[in-house]
Every structure is written in structure tokens, then in C-alpha cells.
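>>> Have a look at this prediction, sequence included:
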Amino acid sequence: MPPNFIRTIITADMETNKYGGRVNTRFPPEPNGYLHIGHAKSICLNFGLAQEFGGRCNLRFDDTNPLKEEEEYIQSIQEDVRWLGFDWEDRLYFASDYFVQLYEWAVQLIKTGKAYVDDLTADEIREYRGTLTKPGKESPYRNRSIAENLALFEQMKNGKFKNGEKVLRAKIDMNSGNLNMRDPVMYRILHASHHRTGDKWCIYPMYDWAHGQSDSIEKITHSICTLEFEDHRPLYDWFIQNLGIHAPQQIEFARLELTRTVLSKRKLLKLVQEGMVDGWDDPRMPTISGLRRRGYTPESIRDFCERIGVAKSNSVVDLALLEHCLREDLNKRAPRVMAVLRPLKVIIENYPLNQIEELEAVNNPEDPGMGTRKLPFSREIYIDQDDFRENPPKKFFRLAPGQEVRLKHAYIIRCEKVIKDEKTGEILELRCSYDPATRSGDDPGGKKVKGTLHWVSLQQAVPAEIRLYDHLLDNPVSDDAGEEPDFLAPINPHSLEILQSFVEPSLKTAAAGSRFQFLRQGYFCVDSKFTSPNKLVFNRTVSLRDSWAKIEKSQGSEEK
RNA sequence: UGGGGUGUCGCCAAGCGGUAAGGCACCGGGUUUUGGUCCCGGCAUUCGGGGGUUCGAAUCCUCCCACCCCAGCCA
């Protein structure tokens, strides 16, 4: 376990017995969207820390704004946390469960002269708040009597007022350099139905008023949150102190940012709403459900979260690291199969007509325990268009006129002739010859060739739709570029490419969600949404590293 | 110009007064019936900058610079 500053703090707290040797964290999402990879960092941190120190981690929904929250999100969030591999056991909580307690505490603060009902409008409150450099002004309603505040607050609760007519504010300090301390709003009037409490309430606590107390109620020891709440901490401490209740320790860390994508619920919601993607679980989305559908494993995401570390400096992690974690995991577990993405027909002229051989193929060279399977081989096969060049560049070890290659698990073939469309010049098929003495496994010390191709026997090939994904965004955009209306402008128009391909027959009954390595190409999984009994659809999870592409690229630049 | 933070290799990130971990990326080389995997090697005389303390500083002091967050009845 690599050290990080939070582990260091908790370790020290354990040594000093600060919380009686107890560690209780929590993951507190608002159910207003789907979870994404950034949340995964927080989930892994909170649940991971609890596990590591023999403590517990709660799942609590911070559902204090009925205008934005939905049941659908509550379900998806639970599914995603579970899928990531974490268990909150019986500790599923909702801030809305604490509404009564919160109300009573608000009354308590009014009674001690620490809170008051304000009649100022939203605009007026903003004006009175002052600016970053100018202190605020006290509201004319700030010094109402306790009795009047009590009566007014109760009337607020009882629905006597319209939305926005009054708020309850904490009475702290309008001159504070920290704007959060300039009499923050605790309750607003919202005549809205809540997904859990229905119409019971028409006043709802603000996050700042609900969050710290919710942590306190749950006896949280370490309340881990992101950097932007750092200057809310004095406010949370103020509430806790004036209420005289259990004080959790808040620790802030930098949220995750990833290159080539956007991690903001607001923007992801927009992508969904504008129909620019196929829902929250579109395989291009950085959401947990999107990554799951794309074929990511929970193990790889957890590994990623461990490797990026936890610190307080704002940073942008290279997507390449996530992909590395994925490949590393999939390399060990994904069965190898053959699929031809862009088919090119090859006829092996000296191979007997109508003969079909069943060749043996290992399922995973990384794990002999995964066994072998039979592959049909015949006179007509498909290879990938990329594996043939009529005029091969230097170091092109694949097929070209007169050149030899090994067909994986089969024979060595030589390209004898290229059949082209007379008019367009398009390459229609290749005529090859094979060397019967080179059958895979039967030619010890036989001839060596530099290239090995994947292929599929034409007769037995199973048609499949293959979806190739590219980064959603052409260029990384900063998260706050989102205030501009056209923040979606850099969306990559080629982020999805759909191919009609052929896969080997063993894949015919592949289960939805199952993952494979298509030899020499990448990792793919059976799409769980578009696959049907008569249509196989694969998502490319991530390509294999491609050093030929690099060589070719550098050759190209040399020529310039 | 107020308050709160952060600055260590292209990207993350350890380090907490004893002379710069690790990962990703990148660049070589080896193995290979996946141009995959794996293996081996390279990759910060320097820690935002200037002063200072010390035998010794990325670590302590000091001044400066840069960047991020805060003016929702959002979270």
C-alpha cells in the first residue's frame, strides 16, 4: 500500500486513539446523475480506507434537493458501487432520514440566538453578502426576537409562505473573509415533492447545513471530501460546536481529472439530454455504467484508483494509465479468439476443395489452465485488410505479393496473386498457396516467417457488428470551460465507428458482457444492449498496444 | 484588493534535515506462431524562483512568483 496523506492522518489517529480506534467513512453521493470514474476514486478511497483500518464505510445519499434528484439515480448508484466491489452492508442512509433531527437542531440554534429567519429576497441576500474583497452587510431582519424567529420558522415549515419568501440563516459574521461564514442559508422553502419524504416537507435543508450533521449523526470519524469544501470546513465546525455534537474530521483531497474526457455530472447530463450519446451507459461515457458496458473490469478501475494516488494538488491523469490498468488485467484473463474486422477474402489455391481441418488453438498463452479449442480451417478464409499491402513499406512483415506469413494456429501461406476490380482498382481477393509442411505444431524447427496473421474460415465465419470507440473529445477541455454554451464543440465526430465483421464460430454463443482478446487487435466485449439472439455486437474495450503503428508513423515522418 | 489551497521528470506521485522511490508515457535491446505479453537497459546533479539557517535543505526560516477554489435560496 503506497502511502498518502490521508492514510498518514488515520494511522496517527489510530495511534493516539482519537476515535477510540474506530474508522468510519462514508460515500455521500447526491442522486442527481450517474456515477463516473471520478466518483470511483472517492468510493475506492472511502471503502478502501475503512477496509484497511478494520472500519466501516456507509453509503449515504445526500438528497436535500428534490428538484434535481431521482429514484433512477439512487438505483444506478447502488448498482455501480456494488459492481465496483464494495459493500455497505446494512448501512444505507439518506440525508432525508435526518430531516426531523435537522429541524430540531435548527430550532435549537434559533433558541440560542444563532439562527434567524430572513425576509430578504435572493437578490438582496446576494447584495448584502458583499464581495470577495468587500465585507457584507447585516440583514435588517437579523435581530428579530427569538420568539418571532421560532414562530416564523414553524410557519415556514407549515407551508405558510411561498417559495423564496423566507429563509433560515445562521447568524455568524457578515464581515468574515470566508464567504461561507457570512450568515449562510440553512433552509429554503421549496414546495416540491421529495422522492422519499413525499410532501411532508416544504422546507429543505441546504447541503451545508445537512452534510456535517449527517456525518455527525452517523458518527463518522473521517469525512473525506474534495478540495472545494475546504473553506466550508469552518462552517461545519461552527455548526457542530454550537450544537455540541460528535465532530467528524474533514479531510479534503483533489478530485480526479482525466485527459480527453469530461467529468462533470452537469456536462455528462447534457450529453445524455442532447442525445449525443446512447444514454448514461454509452461505452464512450466515463460513467461507471459506460465503462462497464464498454468492457472495463472493476479490478482494473480499482487498480487505477490505487495507482493515481491521493493528494491535494489539482492534477490531470493521463487516460493512458487507465488503459494500461485495463490491458494488464484483461491480458491475464481474457480468452484469445480470432476476428476479422475489415474482411479481405483469401483463396488458398493449393488447399483441397471442401476440406475442413479442425486445428487446435490455445485459449490464453498467459494461462494454460484456460485450455484449448478447435478452429476450422479451409480453402477460403478472411484476413484483415490492414494485413495486406500491395506495395509494402519497409519492415512490413505482413502479407504482400510474393511474401510469406504464418496464419496463427495454421499454415504458412504465400501471396501469389492480387485480384482487383478492373475499374476501381479495389482489391477484391488474394490468391495464395500454403505449405502443408508448416502446420502449426507439426513443423519443429521448420521455416520461420516474421509475420503472423489472424484469420477466420469463410464458411464458418460468424457475422458480427463491431463497434470501435475513440475518445469522446478531440482535445481535452478543462472542466470549467463548461460554462460556455458550446462546451460540447470539441466532441470527436469519429468517436464511434461501426463495422460489419466476421468472428470465429466459437463466439456464436458468447454471453452478453463476456470479454475476449481479438488476437492482434484488442479487447472486446459482447454488448449487453444491442446484442440479440440473431445479432452479435461487440464493443472494442481497448486496443492492444501497436508498435507497428508507431514504426509506420515514424517512417512517414522520415519521408517528409 | 479578502479568505482558503497547491507548486518534485511529459503525466501522476513518494519523500517530512542526511544527500531525489515507484507507476504511466517515451527511447533502446532480448524472447515470441499475437509487431501483444514478458525480460533487460535508459529516462530529475535536481525539487516554482531569490535570499537565509545548517557540516548538510525538496525537506526549516524569509520574501517573491504562478496556478486552483469561494460572492447558489446547487451539491
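Arrived safely, thanks for sending. Numbering: from 1, shown residues only, chains lettered A, B, ... in the order given.

>>> any idea where the strands of the stretch 301-450 of chain A begin and end?
Listed in chain order, the strands of the stretch 301-450 of chain A (DSSP state E, counting those that start in this stretch) span A:336-337, A:339-340, A:343-348, A:357-362, A:372-377, A:380-384, A:404-407, A:412-420, A:427-435.

>>> Can you say which of the ones you listed is packed in most?
Of all these, strand A:339-340 has the most neighbours on average by mean count of other CB atoms under 10 Å, namely a mean of 28. Any C-beta I mention is one placed from the backbone N, CA and C, and that applies to glycine too.

>>> for the record, mean pLDDT for that one?
Taken as a whole, strand A:339-340 has a mean pLDDT of 98.

>>> Next: stretch A:70-86.
98.

>>> can you give me how far that stretch is from the chain middle?
Here stretch A:70-86 is found 13 Å from its chain centre; the criterion is CA atoms, centre = their mean, to the nearest Å.

>>> What are the buried residues along that stretch?
A:Tyr73, A:Ile74, A:Ser76, A:Ile77, A:Gln78, A:Asp80, A:Val81, A:Leu84, A:Phe86 (16 or more other CB atoms under 10 Å).

>>> which other residues reach it?
Residues from elsewhere that reach stretch A:70-86 (CB atoms under 8 Å, 6 or more residues apart in numbering): A:27, A:29, A:31-35, A:39-40, A:43-44, A:47, A:57, A:59, A:61, A:63, A:88, A:92, A:195, A:280, A:288-289, A:292, A:298-299, A:301-302.

>>> what's the burial count for the closest residue to A:Gln459 other than its chain neighbours?
Spatial nearest neighbour of A:Gln459, excluding adjacent residues (CB to CB, 6 or more residues apart in numbering): A:Ser378 at 5.7 Å. The tally of other residues near A:Ser378 (other CB atoms under 10 Å) stands at 17.

>>> So A:Ser378 is in contact with A:Ser457, correct?
Yes: using CB atoms under 8 Å, A:Ser378 is in contact with A:Ser457, at 4.8 Å.

>>> okay, and the common contacts of these two?
Both A:Ser378 and A:Ser457 are contacted by A:Ile356, under the criterion CB under 8 Å, 6+ apart.

>>> neighbouring contacts of the one helix or strand in chain A whose mean pLDDT sits lowest?
Within chain A, no helix or strand scores below helix A:547-559, which has a mean of 81 by mean pLDDT, DSSP states H and E. Applying CB under 8 Å, 6+ apart, the contact partners of helix A:547-559 are A:Pro393, A:Lys394, A:Lys395.

>>> Leaving out the residues flanking it, which one is nearest to the last one?
So the one you mean is A:Lys395. Nearest residue to A:Lys395, sequence neighbours excluded (CB to CB, 6+ apart): A:Ile551, at 6.0 Å.

>>> What of the first one?
The spatially closest residue to A:Pro393, leaving aside those adjacent along the chain, is A:Gln555, at 5.9 Å (CB to CB, 6+ apart).

>>> can you check the second one too?
Counting by CB to CB, 6+ apart, A:Gln555 is the residue found nearest to A:Lys394 once chain neighbours are left out, at 6.4 Å.

>>> Tell me where chain A has helices.
A:5-15, A:37-52, A:71-84, A:99-111, A:122-129, A:146-157, A:207-217, A:233-243, A:265-273, A:288-294, A:298-308, A:319-333, A:547-559 (DSSP state H).

>>> May I see those helices organised as TSV, with distance to A:Ile498 added?
What follows is the helices of chain A, written out as TSV (distance: least, CB to CB, whole Å):
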stretch	distance to A:Ile498
helix A:5-15	44
helix A:37-52	25
helix A:71-84	26
helix A:99-111	49
helix A:122-129	49
helix A:146-157	56
helix A:207-217	42
helix A:233-243	49
helix A:265-273	19
helix A:288-294	15
helix A:298-308	25
helix A:319-333	21
helix A:547-559	21
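
>>> residue ranges with poor pLDDT in chain A?
Applying pLDDT under 70 to chain A flags residues A:443-445, A:474-490, A:557-560.

>>> try 80
Scanning chain A for pLDDT under 80 picks out A:442-446, A:473-491, A:556-560.

>>> sorry, back to before: neighbours around the residue nearest to A:Lys394, how many?
Neighbour count of A:Gln555, defined by other CB under 10 Å: 13.

>>> Can you name the residue of the stretch 151-300 of chain A nearest RNA strand B?
Here the residue of the stretch 151-300 of chain A nearest RNA strand B is A:Gly177; by CB to the nearest atom of the strand that distance is 2.7 Å.

>>> Tell me how many other residues crowd that residue.
Neighbours of A:Gly177 under the rule other CB under 10 Å: 11.

>>> Equivalent analysis for A:Asn143, please.
Using other CB under 10 Å, A:Asn143 has 11 neighbouring residues.

>>> And the closest residue to it other than its chain neighbours, how far from A:Ala151?
Among residues not flanking A:Asn143 along the chain, A:Tyr116 sits closest, at 7.6 Å (CB to CB, 6+ apart). A:Tyr116 is 12 Å from A:Ala151, where distance means CB to CB, to the nearest Å.

>>> same deal with A:Leu59?
Using CB to CB, we find A:Leu59 at a distance of 38 Å from A:Ala151.

>>> So those two - more neighbours on which side?
Set A:Leu59 next to A:Ala151 and count neighbours by other CB under 10 Å: A:Leu59 wins out with 23 against 13.

>>> Using JSON lines, lay out the strands of the stretch 301-450 of chain A together with distance to A:Glu52.
JSON lines is the format used below for the strands of the stretch 301-450 of chain A (distance: least, CB to CB, whole Å):
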{"stretch": "strand A:336-337", "distance to A:Glu52": "36"}
{"stretch": "strand A:339-340", "distance to A:Glu52": "41"}
{"stretch": "strand A:343-348", "distance to A:Glu52": "51"}
{"stretch": "strand A:357-362", "distance to A:Glu52": "38"}
{"stretch": "strand A:372-377", "distance to A:Glu52": "41"}
{"stretch": "strand A:380-384", "distance to A:Glu52": "46"}
{"stretch": "strand A:404-407", "distance to A:Glu52": "49"}
{"stretch": "strand A:412-420", "distance to A:Glu52": "54"}
{"stretch": "strand A:427-435", "distance to A:Glu52": "58"}
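
>>> Of those, which is nearest A:Arg284?
For the strands of the stretch 301-450 of chain A, the distance to A:Arg284 is smallest for strand A:339-340, at 20.8 Å, taking CB to CB.

>>> strands paired with that closest one, and their directions?
strand A:496-503 (antiparallel) (DSSP bridges).

>>> close to RNA strand B, is the partner strand?
No: against RNA strand B, strand A:496-503 shows no contacts by CB under 7 Å from any atom of the strand, the least distance being 14.7 Å.

>>> just stretch A:349-362 next, same as before
No: shown here: stretch A:349-362 not in contact with RNA strand B (CB under 7 Å from any atom of the strand), separated by at least 8.4 Å.

>>> what about the closest residue to RNA strand B within the stretch 351-500 of chain A, distance to A:Glu89?
Using CB to the nearest atom of the strand, the closest approach of the stretch 351-500 of chain A to RNA strand B is made by A:Ser440 at 2.9 Å. A:Ser440 sits at a distance of 52 Å from A:Glu89 (criterion: CB to CB).

>>> With neighbour numbers in mind, choose between the two.
Higher neighbour count among A:Ser440 and A:Glu89: A:Ser440, with 17 against 9, using other CB under 10 Å.
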